[in-house]
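Participant: From the sequence below, what's the structure:
(one chain, ligands or ions: 2)
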Amino acid sequence: MSESKNFIEEIIDSDLQSGKVTQVYTRFPPEPNGYLHIGHAKSLCINFGMKAKYGGKCNLRFDDTNPSKEDAEYVESIKSDIKWLGFTWDKLLFASDYFDIMFDCAVKLIKKGLAYVSDETAEEIRQRRGTLYEAGTESPFRNRSVEENLKLFYEMRDGVYPDGAKVLRAKIDMASPNLNMRDPVIYRVLHATHHNTGDKWCVYPMYDFAHPIEDAHEGITHSICTLEFEDHRPLYDWVVRECEFPEPLPQQIEFARLNVTNTIMSKRYLKKLVDEGKVMGWDDPRMPTLSGIRRRGYPAEAIRDFCERIGVSKANSEVQESYLQSCVRDNLNRTANRVMAVFDPLKVTLTNYRGNEELSVENNSNAETLTFRKVPFSGEIYIDRSDFALVPPPKYYRLKPDGYVRLKGAYIIHCDEAVTDGDGRVTELRCSVVPNSKSGEDVSGIKVKGVIQWVDAATCIDAEVRKLQSLLTDAVDGVTDFNERFNPDSMQVVPAKVERSLLSAKAEDRFQFMRVGYYVLDRDSTPDKPIFNEIVSLKDSFNPAK
Ligand code: ATP
Ligand code: MG
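Facilitator: Ligands and ions are numbered 1, 2, ... in the order given. Okay, the predicted model is just below:
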């Protein structure tokens, strides 16, 4: 990895050097209205990454200022996903814990003549707001006295007015070139039960007012968010300044959000898939949510690695899905044990083998320490039908009539006879084991180029395997609606015969099915029927030049 710094680190370095900041303090502020997805992983890696790099702190703060869409289920899932990714927050906070403070800040602004109660409807406010080329028109309520504003604001809080009847607006500048500065609404009346504060409040702060107050109150030094908030930064600065928070005031820094090809990054649409039953839930292994990705078998370490490799930038772009998969593959190549599975079984009778033994087979030759497992072997096995050719093409190194192949971790076998049915379809192979050819002790003198996987017919287990594809079909020009790109065939369930050692696998254990791909044991498995999800294929389709 290069030592070059990203632009956020450059800002932090200079703040530390100038003495503006002595300890770096960041926060991750999810809205609990859905599960976290791979895009959030990037924000998590940046915020918690700064904590790690600078010996700082990072809070987890639930941005629950919007009472109607939020749910305690989401709070719990977000906490567990962050822990799974490997991060530990300093304080766990809720924006709703600050409702009293925010209310006091609003009162302070009113007293300073910097906020007023308006009776305008949302539509009237919009109409008077002006455009990018034209100044807005001042509200007819803009010059209410401080006393009147205070009285009305308290009445709003006390439930005197119905939803939408009155709002509190910051009094800034209706001619500002930045539309966000044209007297933005900072409080609204909303008679809704909040998951945290219940019915205590019927006025709620707007995000642009709440967020800077939360940051300033917690002593956040660098408030890192995505580019859409760039135009909101003057308002952010205005709020922390006018509410008179102590120095150093938090500083908002924007970065480009993560987009991945064929990947849905909208919580709203992901929720729709869940609600409509198009997936098995938020943690369906096809979902780009962190809990889906986890169930899919992507290791947390691979996701952190991916976020590190794509870097942080100020320009929006789209990362190829295959790049993420390639990070996962790199990780699994080091960490996943190899096992044997056969998807399309072809019975092989080893006519000269009478024994019944337990072979010791290496788990992963790439691992730092070599480990072995026991694999039963007897006179009847299954190989994959695709590893036998009745009429082999040139340079075919797998099994063919009168040919040799090595069974992984076992013996070299010779194909003596292919038994076919009336249609010419091969139903069984009759083979003989080459004497003295056992793996590791081979003195047979026979050289073979092909090594294939197999399972012992007597002891193998029937498993179910979910072959997974993206929930979206490739983007076609002009088709932007996810509904039209939904891939109805994203999950295909197929049977497989797997080696007996997998009976002791636990949910989330990951394996390489030798020569096939990487698979993870799903928690839907039963003691006698393991279910595996496909993680990634063995072959890398990522092309950096593309
Ligand atoms: P939605 O609009 O779907 O609710 P959101 O982006 O508003 O999603 P939040 O829960 O508010 O979701 O996000 C928490 C944090 O994660 C924010 O700081 C946000 O900027 C960041 N984040 C969300 N999506 C991405 C993404 N695709 N790439 C990087 N950061 C993201
Ligand atoms: Mg949001």
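Participant: Show me which residues of the helix or strand bottoming out on mean pLDDT in the chain are buried.
Facilitator: Every helix and strand in the chain was compared by mean pLDDT, DSSP states H and E; the lowest is helix 482-485, with a mean of 81. Judged by neighbour count (16 or more other C-beta atoms under 10 Å), helix 482-485 contains these buried residues: Arg485. To be clear about C-beta, it is placed using only N, CA and C from the backbone, and glycine gets the same treatment.
Participant: need the next SSE after that helix, C-terminal direction.
Facilitator: Using DSSP states H and E, the helix or strand that follows helix 482-485 in sequence is strand 491-498.
Participant: pretty sure Asp330 is touching Pro299, no?
Facilitator: No: if you go by C-beta atoms under 8 Å, Asp330 and Pro299 don't touch, sitting 10.2 Å apart.
Participant: Have a look at those two and say which one is more surrounded.
Facilitator: Pro299 (21 against 15; other C-beta atoms under 10 Å).
Participant: tell me the pLDDT at the more buried one?
Facilitator: pLDDT recorded at Pro299 is 98.
Participant: Spatially, what comes nearest to it if we skip its sequence neighbours?
Facilitator: Spatial nearest neighbour of Pro299, chain neighbours left out: Asn331 (5.1 Å); criterion: C-beta to C-beta, 6 or more residues apart in numbering.
Participant: where does that neighbour sit relative to Glu428, distance-wise?
Facilitator: For Asn331, the distance to Glu428 under the criterion C-beta to C-beta, to the nearest Å works out to 40 Å.
Participant: Can you tell me how far Ser145 is from Tyr116?
Facilitator: 9 Å.
Participant: More neighbours: those two, which one.
Facilitator: Tyr116 (24 against 10).
Participant: Contacts only, for that one.
Facilitator: Contact analysis of Tyr116 by C-beta atoms under 8 Å, 6 or more residues apart in numbering lists Ile110, Ser139, Phe141, Arg142, Asn143, Arg144, Asn149, Leu168, Arg169, Lys171.
Participant: Surely the fourth one is in contact with Lys171?
Facilitator: Spelled out, it's Arg142. Yes: Arg142 sits in contact with Lys171 when judged by C-beta under 8 Å, with a separation of 6.5 Å.
Participant: shared neighbours of the two, which are they?
Facilitator: Tyr116, Asp183.
Participant: More neighbours: those two, which one.
Facilitator: Lys171 (19 against 13).
Participant: Read off the pLDDT value for that one.
Facilitator: 98.
Participant: ok, now how distant is it from ligand 1?
Facilitator: Between Lys171 and ligand 1 the distance is 28 Å, computed by C-beta to the nearest ligand atom, to the nearest Å.
Participant: next one: Val146
Facilitator: In terms of C-beta to the nearest ligand atom, Val146 sits 34 Å off from ligand 1.
Participant: for the chain, which spans come out with low pLDDT?
Facilitator: Segments of the chain classed as low confidence (criterion: pLDDT under 70) are 1-3, 68-70, 477-480, 540-546.
Participant: Tell me how it divides into domains.
Facilitator: Following automatic domain parsing, one finds the domains of the chain at 7-255, 260-340+461-546, 342-453.
Participant: Any idea how far apart the tips of the longest one sit?
Facilitator: Think domain 7-255. 9 Å (C-alpha to C-alpha, to the nearest Å).
Participant: likewise the shortest one?
Facilitator: Using C-alpha to C-alpha, the end-to-end distance of domain 342-453 comes out at 7 Å.
Participant: And stretch 286-306, by the same measure?
Facilitator: Using C-alpha to C-alpha, first and last residues of stretch 286-306 are 18 Å apart.
Participant: please renumber so the chain begins at 34
Facilitator: Happy to do that; since the first residue is 34 now, the last one works out to stretch 319-339.
Participant: is ligand 1 contacted by it?
Facilitator: No: if you take C-beta under 6 Å from any ligand atom as the test, stretch 319-339 misses ligand 1, and the best it gets is 9.8 Å.
Participant: Report the buried residues of the longest helix along the chain.
Facilitator: When the chain is parsed with DSSP state H, its longest helix is helix 71-87. In terms of neighbour count (16+ other C-beta under 10 Å), helix 71-87 has its buried residues at 71-84, 87.
Participant: All good on my end, thank you.
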